[in-house]
Structures are given as structure tokens and as C-alpha cells.
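# turn this into a structure:
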Amino acid sequence: MNQDDASGKNDRPQSGPTGPEHGDGKPQRTDEPGGGILMGRPFGVPVYVAPSWFLVAALITWVFGNQIDRVLPELGAARYLVSLFFAVAFYASVLVHELAHTVAALRFGLPVRRIQLQFFGGVSEIEKEAETPGREFVLAFVGPLLSLVLAGVFYVAMDAVRPGTVPGVLLAGLMISNLIVAVFNLLPGLPLDGGRMLRAVIWKLTGKPMSGTVAAAWVGRALAVTVLVGLPLLTRTGLLGNDPDEISGVDTVTDALLAAILAAIIWTGAGNSLRMARLREHLPELRARTLTRRAIPVPPATPLSEALRRANEAGARALVVVDGGGNPTGLVREAAIAGVPQHRRPWVAVSGLAQELTDGMRVPAELAGQGLLDHLRASPATEYLVVEDSGEIYGVLSTADVERAFVRAMARPSS
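Below is the predicted model:
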């Protein structure tokens, strides 16, 4: 699972990074879908920059460059170099925000898959949920807290430089941007940090994490609608400090587009948070023992028709190929059986339809929930041999059966 937090967060599918960083220290592209460019591994956690970051960096450079031109017109085209430096420094601040979540997660023993800087902020992908509402609250709060600290540091640093200079403009911009990041993330709706804090509070009061998730997700959706409608209205009325008479049609369209993007991110993130919470709630229902098909052992030379006859007599639904000592060596694939016509089955040996058994295809019968899914994900196959702790064959687990059970569990209402 991931902790979807930062300056514009959304839940993302969890997939680990692939490929090490080059020894020369240069950024490296990862083969992970949507991973982006690997920039480093602080605290052992890979940090990626998504391709969308470059689009936002260019947008910030252009917008902030025009703002600098009003204060320092003598810079000319050099204002865009200053603005680019601001964009990089701002995302460095976002990285600090995410590292705060990461350090807290690692301190609580929660594995962090990666940090990704992307469109409108960053994401810390934390694989497990906090065990208590108190830890959940701390885990969410440390990010905005660090952003507030950074805003304070930049504010204090402004006293050391002259206003109206390049350092003064940069420090003022970084102070305001970090303050905005902190305040925005403290809004009480998922997927923002404030939403996770609200979830923790409701979890503590009710004793039910799912109740907190539902409440915070719906607040997040209400927040998305408020942003969509309210942000353009605030700009038009001048409540954000701008002069309504100076607002052009381009500014209006830009504000509406920005509001729509932010609202979409919040709404989607809130919905994803609900789905992920429902997944976590139903995961314990997935048990290898209860999903396993009964299987019978058959020697490799056994004709398929004879093997199926034995299975039907025993009430089994799967075939395991064993050697002379009774040790399993392969699984007869269901799809392979279906592909053999009835009239050919007496002449086809089961060994020709079996998939060789590997260590990853052996599943302990007691595996359940996330542990079961992790095992299947690590060793993709269509069928698995389920074994007891003693090594005795328990049966065969089909990936299709797991998927069907998962869909049924997700369709049931949450408790």
C-alpha cells in the first residue's frame, strides 16, 4: 500500500523499482512503468523524478519568470535562469516534505517502496498501513510540519538579504510556496495529509479505521468540488490579493484549468483511498487453504484420460505429476487439459501437459492476505502447489480462483 501524500497526491499502484543506480552517480532511467528517472536513494529509498515534473518545472519557470520581471526588470532574459533555480529549489522542498514521511515510516517499521516527484508534488509510497491511529496521525503530520519549518527558515533568512534583490525574491518565493504546501496539505480530506490526520482521529474515536477512511474520503470529495468552484471565484473577486480589473481572459482560463486539475487529483485520490481501504479490509479473507483445489498425484506416464478418471473418482479438480518416490515434479495445467480433444486423451501422457515445478510455485497452506498476494506476485504462474509445513501435498491453487475470490470480496460491503 502506499502513503499517498504530498503537495498533490494520489494513490498509485505499488511496483518496486528496477535497475540499480549507475556507479558514476548519473541519473538513470528505470524500467518500472511510470517510475521516471532515478535520482538517488536517501535512507535506502529510491527517489524518482517523473516525466511530468519537467512540464511543471517549465511552467513554474515561465510563470515565476514573469513575476520576477515585475520586480527586477533589469534581469532581462536571465530572469528565467533565476526562475528555473526557484523551480528546482521548490521541488527540493517537496522532497524534504516527502522524506519526513519516509523517515517517520521507517522509524515505525513500515517499508517505503519509493518516493516520486511528479506533477503537482510528490508521493511517498509506503507499503503498509500504520498499526495505530496515533502513528497514522504522526506519519501524516510530519510532512506539513517540515514544510512549515522550511517556510520559517526562509522567512528568517529574508532578514539577511536586501529586498528587491535576486536572493530576496527567491527566499520570498520559497517561503510562500512552502507555506502554501503546508496549508494545502493540512486540508482535512483524503488523499491529503490533513485527510489522513482526520482519518486517524475518527479511527481513534470509533475504533474502526474504515470509518475514518470513509469520512475523510467524502470530505476529500467535498473539498475537490470546493476547489473546482471556489478557486476561480476567489481569483475573480480579488480575495487572493489580486486586482479584479487586471484579470484577463487568459488568467481566467488558467485559473479554471488549475482548479480543475487540482479538483481531479483530490477527487481521484479520495476514491482510490476508499478502494485501497476496502482492499486492506478484505485481504484476510484470501486464504490459500480455503481457495485450494483438491489434487491427486499421478506418475508422468499416466494417460490424461486415466488421470482424469482417477481425479473424478476422488472428487479432485487438479493433477500433480510425481516421480517414482512420490515427490511432486510438475503441475498439469488446466488450460493444457482443455486444449486436448476427448479422442486424443487416452494417447497423451500427463507429463507432456505439466509445467515444471519451481520453488516459487510452492505455496505454504497457511499463507493468507497480503503474504499470499506477495508470494504470487513474486513468482507469476497459473497454478501453484500448496503444501503443508511437513511438505505433504495439500492441493493446487489456481490464480484464476484467487482473482475470483478477490473480486467477490471487494464487491461485498464494508463492515
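
# all contacts plus neighbour counts: C-alpha atoms, from now on.
OK.

# buried sites along the strand or helix carrying Leu257?
In the assignment (DSSP states H and E), Leu257 maps to helix 249-282. Using 16 or more other CA atoms under 10 Å as the test for burial, helix 249-282 gives 255-256, 258-282.

# after it comes which helix or strand?
helix 288-291.

# export that following helix as CSV, just CAs?
What follows is helix 288-291 as a C-alpha-only set of coordinates in CSV (Å, rounded to 0.1, in the frame of the first residue of the first chain):
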residue,chain,number,x,y,z
ALA,A,288,-4.5,-20.4,0.4
ARG,A,289,-6.0,-23.3,2.3
THR,A,290,-9.7,-22.3,1.5
LEU,A,291,-9.0,-21.5,-2.1
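
# then the helix or strand that comes right after it to CSV, C-alphas only?
Note on helix 288-291: by DSSP H and E, the next helix or strand toward the C-terminus is strand 295-298. Extracted in CSV, the C-alpha atoms of strand 295-298 (Å, rounded to 0.1, in the frame of the first residue of the first chain):
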residue,chain,number,x,y,z
ALA,A,295,-5.4,-32.7,-6.2
ILE,A,296,-4.3,-36.3,-6.8
PRO,A,297,-0.7,-37.4,-7.6
VAL,A,298,-0.1,-39.2,-10.9
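
# next SSE after strand 295-298?
helix 304-314.

# which helices and strands does that following helix pack with?
strand 295-298, strand 318-322 (3 or more CA pairs under 8 Å, 6 or more residues apart in numbering; DSSP states H and E).

# give me the mean pLDDT for stretch 397-404.
For stretch 397-404, mean pLDDT is 89.

# contacting residues around it?
With contact meaning CA atoms under 8 Å, 6 or more residues apart in numbering, stretch 397-404 is reached by 286, 288, 291-293, 381-386.

# follow-up on the earlier one: just say which of the helices and strands packed on helix 304-314 is most tucked in.
strand 318-322 (a mean of 24; mean count of other CA atoms under 10 Å).

# packing partners for that one?
strand 295-298, helix 304-314, strand 328-332, strand 393-398.

# out of these, which comes closest to Arg344?
Nearest of the helices and strands packed on strand 318-322 to Arg344, taken as CA to CA: helix 304-314 at 8.6 Å.

# tell me how far the closest one lies from the chain's centre.
Relative to its chain's centre, helix 304-314 lies at 45 Å (CA atoms, centre = their mean, to the nearest Å).

# buried sites along that helix?
Buried-residue list, helix 304-314, by 16+ other CA under 10 Å: 304-305, 307-308, 310-311.

# mean confidence for it?
94.

# identify all contacting residues around it.
So helix 304-314 is contacted by 295-296, 298, 317-319, 345-350 (CA under 8 Å, 6+ apart).

# stretch 279-290 too?
210, 363-370, 372, 386, 397, 402, 405-406, 409-410, 414.

# which among those end up buried?
210, 363-365, 367-370, 372, 386, 397, 402, 405-406, 409-410.

# okay, and which of the residues you listed map to strands?
Within the buried ones among the contacts of stretch 279-290, residues falling in strands by DSSP state E are 363-364, 386, 397.

# mind checking how far Gly134 is from Phe108?
11 Å (CA to CA, to the nearest Å).

# same deal with Gly369?
Gly369 sits 21 Å away from Phe108, going by CA to CA.

# and what of Gly352?
On the measure of CA to CA, Gly352 and Phe108 end up 50 Å apart.

# what's the answer for Val214, then?
For Val214 relative to Phe108 (CA to CA), the value is 24 Å.

# same thing with Ala87?
Relative to Phe108, and taking CA to CA, Ala87 is found at 32 Å.

# mind checking which of those two has more residues around it?
With neighbours defined as other CA atoms under 10 Å, Ala87 and Phe108 compare such that Ala87 has more, 24 against 14.

# buried stuff in the helix or strand containing the more buried one?
Per DSSP H and E: Ala87 is located in helix 79-107. By 16+ other CA under 10 Å, the buried positions in helix 79-107 come out as 79-80, 82-84, 86-87, 90-91, 93-105.

# so whatever helix or strand comes next after that helix versus helix 79-107, what angle?
Moving toward the C-terminus from helix 79-107, the next helix or strand (DSSP H and E) is strand 112-118. In terms of direction (axes from the mean of the first three to the mean of the last three CA atoms, to 10 degrees), strand 112-118 departs from helix 79-107 by 160 degrees.
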